[in-house]
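K.L.:
what shape does this take:
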Amino acid sequence: MKPKIASLILIGSLICSAAQSQNKADDIIGIWLTGGKEPAKIQIYKSGEKFYGKIIWLKNPTENGKQRVDANNPDKAKRSNPIIGLLMLTGFKFDGDDEWKGGDIYDPESGKTYSSYMYLKDKNTIKVRGYVGISLFGRTKTWIRAN
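P.N.:
Got it, this is the predicted structure:
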């Protein structure tokens, strides 16, 4: 009888642990305000087991009276695409340790894509690091939760 109770307790705790880890993974979902001279709002969402982010708002959505477009994209066919709605974060996976890794971040200002990871500093602040090669050669930005 006691081994059955111990087994049930173990199974129950494993289920609770898996559910708690899933909840932590989703902590990054929401709308985030970037900093800098050209702030934007990025909506981070989950698709399957990966996390993505798209630009949903720009402080300055127009340039010379026209909607801002992805003018520096290396793919010439995409240079007329609007910045608002642009997929900026792709392919991030939660590592179970308050970090989302293995993704890429696209910088529409330069038209370059960088390897990236993100981590929660607290429930309303994330640090986003973009880098080339190894994370030592990169830059970290702080984003604040907007919702």
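
K.L.:
next, the contact list for R79, please.
P.N.:
V69, D70, A71, N72, N73 (CB atoms under 8 Å, 6 or more residues apart in numbering). C-beta here means a position set from N, CA and C on the backbone, and glycine is covered the same way.

K.L.:
quick one: the helices in this protein?
P.N.:
Per DSSP state H, the chain carries helices over the ranges 2-25.

K.L.:
dump the contacts of R79 into TSV; add pLDDT as well.
P.N.:
Output for the contacts of R79, formatted as TSV (pLDDT from 0 to 100):
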residue	pLDDT
V69	98
D70	98
A71	97
N72	98
N73	98
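
K.L.:
any of those buried? List them.
P.N.:
Among those, the ones that count as buried by 16 or more other CB atoms under 10 Å are V69, D70, N73.

K.L.:
right, and the first one touches I84 too?
P.N.:
This means V69. No - look at V69 against I84 with CB atoms under 8 Å: they stay out of range, at 9.8 Å.

K.L.:
circling back: T125: which of the contacts of R79 is nearest?
P.N.:
D70 (27.6 Å; CB to CB).

K.L.:
mind checking pLDDT for the closest residue to that closest one other than its chain neighbours?
P.N.:
Leaving out its chain neighbours, the residue that sits closest to D70 by CB to CB, 6 or more residues apart in numbering is N81, at 4.8 Å. pLDDT for N81: 98.

K.L.:
would you agree N81 is in contact with R68?
P.N.:
No - shown here, N81 and R68 do not form a contact pair, counting by CB under 8 Å, at 10.3 Å.

K.L.:
do a quick rundown of the strands in the chain.
P.N.:
Secondary structure of the chain (DSSP state E): strands at 30-33, 40-47, 50-58, 62-63, 66-67, 87-94, 99-107, 112-122, 125-131, 138-145.

K.L.:
mean confidence score for the fifth one?
P.N.:
In this model, strand 66-67 carries a mean pLDDT of 96.
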